[in-house]
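Q: one predicted model, sequence on top.
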Amino acid sequence: MTKYNKIIGVLFTLYSLLSTLIFVSCSESGGYKKKLDVPYQKMEPQEMEVVEYNKALFSIDTAHFEEGVMAIAPKFKDLLGDSLDVIGMMFLKDFVTDSFIIRVNELTEKTFPDSKIISSKVKGVYQHLNYYYPEIKIPSTYAYVSGINYENGSVMISPESVLISLDFYLSNNDLVYDKVGMPRYISRRCQPASMTKDLAEELYFTYIYSDFKAKNVLMEMIDRGKRYFFIEAMDPTLNDSILLGYSSQQTEWAHDNEGQIWATIVGNNMLYANGFEQYRVLFNDGPFTAAFSENSPARLGDFIGLQIVRSFMSNNDESLQELMELTDYQDIFQRSQYKPRK
């Protein structure tokens, strides 16, 4: 080969690499991310207030507690009901005078000193929802302190109200979640940035989700991927750590080992399996996935499902609404053209 030909060969190789990088960059910028870039700021609500029930309740003078509750009751009828009996009044007073609850409320006040911060976060999610689903009417939204109530979770939605438990977003300050026995792999998700994720997820289950019985691992992955994609559409600023509930190190591990995860699923004939063991490995929550590495996150099936759905939305013309209505998950998989990172 002549020196000239060698130079041409090198230039061709560099051109090919550059073209590949440009193609990947354009694909990513023009793919699903572009679809999520919508003019939500023009949507309703233009003005909104998250009403802070916690501040009203904890500001009551306990020496005149019953009178204080009756004074705020008209504003919080959705939470307090039309009337409180003796037992209900005693429960409320015991709640606001409990030393642990008082400390939780203090931490909540410190974390969220300005109600405008909460309202701004919630407003953005509602505006995105209104862009995609203008027919959905969201009821009044309240912030409150639950005492870190596991049973109710961080967000509850009823026909009358949306309730956001602010004490689920305290970043484990004062080790408050350790004190109620919350595992660390769960409590690391309890940070202010997770509020919009939790709100969007509850909106999904309340207004969008249709009961679905997955027949195999692939269907379960894609079903979960659809949920995460909806959440991402409601708040496109969410990073994958918040979206999936992983640590930043676990998120990096998942992306770096995406090809290995996929090869393991396919190589071990898990993709169309429906056994307990496969579901346990890929979908059970926990500190990590023992079958892979102590550095890995749990719920790797969720991670792969999200990547499949993202690939589908990058390579097809479906809107978010159309994606949510699709039930042929084998078709979604085939049309996704999913190719994991090596």
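A: Alright, I've got the coordinates. Just so we're clear, the structure is a prediction, and the values are computed from it rather than from any experiment.
Q: show me where pLDDT drops low in the protein?
A: 1-30, 342 (pLDDT under 70).
Q: can you pull up the most central residue in it?
A: Residue closest to the mean C-alpha point of the chain, counted by C-alpha atoms, centre = their mean, is K197 at 3.1 Å.
Q: pull the helix or strand harbouring R310 out as CSV, backbone CA atoms only.
A: Assigned by DSSP states H and E, R310 belongs to helix 300-315. Provided in CSV are the C-alpha atoms of helix 300-315 (Å, rounded to 0.1, in the frame of the first residue of the first chain):
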residue,chain,number,x,y,z
LEU,A,300,-32.7,-4.3,36.6
GLY,A,301,-35.8,-5.4,34.6
ASP,A,302,-37.2,-1.9,35.2
PHE,A,303,-34.0,-0.4,33.8
ILE,A,304,-34.0,-2.6,30.7
GLY,A,305,-37.7,-2.0,30.2
LEU,A,306,-37.2,1.8,30.2
GLN,A,307,-34.4,1.5,27.6
ILE,A,308,-36.6,-0.6,25.4
VAL,A,309,-39.4,1.9,25.6
ARG,A,310,-37.1,4.8,25.0
SER,A,311,-35.7,3.1,21.9
PHE,A,312,-39.3,2.4,20.7
MET,A,313,-40.2,6.1,21.1
SER,A,314,-37.0,7.2,19.3
ASN,A,315,-37.6,4.9,16.3
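Q: can you give me the strands in the stretch 51-200 of the chain?
A: 51-52, 140-144, 155-157, 161-165 (DSSP state E, counting those that start in this stretch).
Q: so what secondary structure elements neighbour the third one?
A: Helices and strands touching strand 155-157, by 3 or more C-beta pairs under 8 Å, 6 or more residues apart in numbering; DSSP states H and E, are strand 161-165, helix 195-203. All C-beta atoms are positioned from the backbone trio N, CA, C, and that covers glycine.
Q: now could you export just the CA positions of the first one as PDB?
A: Taking Å, rounded to 0.1, in the frame of the first residue of the first chain, the C-alpha atoms of strand 161-165 are listed here in PDB:
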ATOM      1  CA  SER A 161     -57.700  15.900  46.600                       C
ATOM      2  CA  VAL A 162     -54.100  15.300  45.900                       C
ATOM      3  CA  LEU A 163     -52.100  14.800  49.200                       C
ATOM      4  CA  ILE A 164     -48.300  15.100  49.200                       C
ATOM      5  CA  SER A 165     -46.600  14.000  52.300                       C
END
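Q: wait, D174 sits on L107?
A: Yes. D174 is within contact range of L107, at 6.1 Å (criterion: C-beta atoms under 8 Å).
Q: when those two are compared, which one has more neighbours?
A: More crowded of D174 and L107, by other C-beta atoms under 10 Å: L107, with 20 against 14.
Q: number of nearby residues for the nearest residue in space to Q260 that is not next to it in sequence?
A: Using C-beta to C-beta, 6 or more residues apart in numbering and skipping the chain neighbours, the partner closest in space to Q260 is F292 (7.8 Å). Neighbours of F292 under the rule other C-beta under 10 Å: 18.
Q: now S59
A: 11.
Q: how many neighbours does G286 have?
A: Neighbour tally, G286, other C-beta under 10 Å: 13.
Q: for it, list the residues it contacts.
A: Y185, A298 (C-beta atoms under 8 Å, 6 or more residues apart in numbering).
Q: need the three-state assignment for it.
A: Counting by DSSP: H, G, I helix; E, B strand; the rest coil, the backbone at G286 sits in coil.
Q: next, find the distance separating it from K339.
A: Taking C-beta to C-beta, to the nearest Å as the measure, G286 falls 28 Å from K339.
Q: ok, now D302?
A: 19 Å.
Q: those two: which is more packed in?
A: Set D302 next to K339 and count neighbours by other C-beta under 10 Å: D302 wins out with 24 against 11.
Q: that one reaches D240, doesn't it?
A: No. At 10.8 Å, D302 does not count as touching D240 under the criterion of C-beta under 8 Å.
Q: how many residues are close by R341?
A: 12.
Q: so it lies in a helix, does it not?
A: No. Counting by three-state DSSP, R341 is not part of a helix but coil.
Q: I'd assumed G259 was in contact with it.
A: Yes. Assessed by C-beta under 8 Å, R341 is found in contact with G259 at 5.5 Å.
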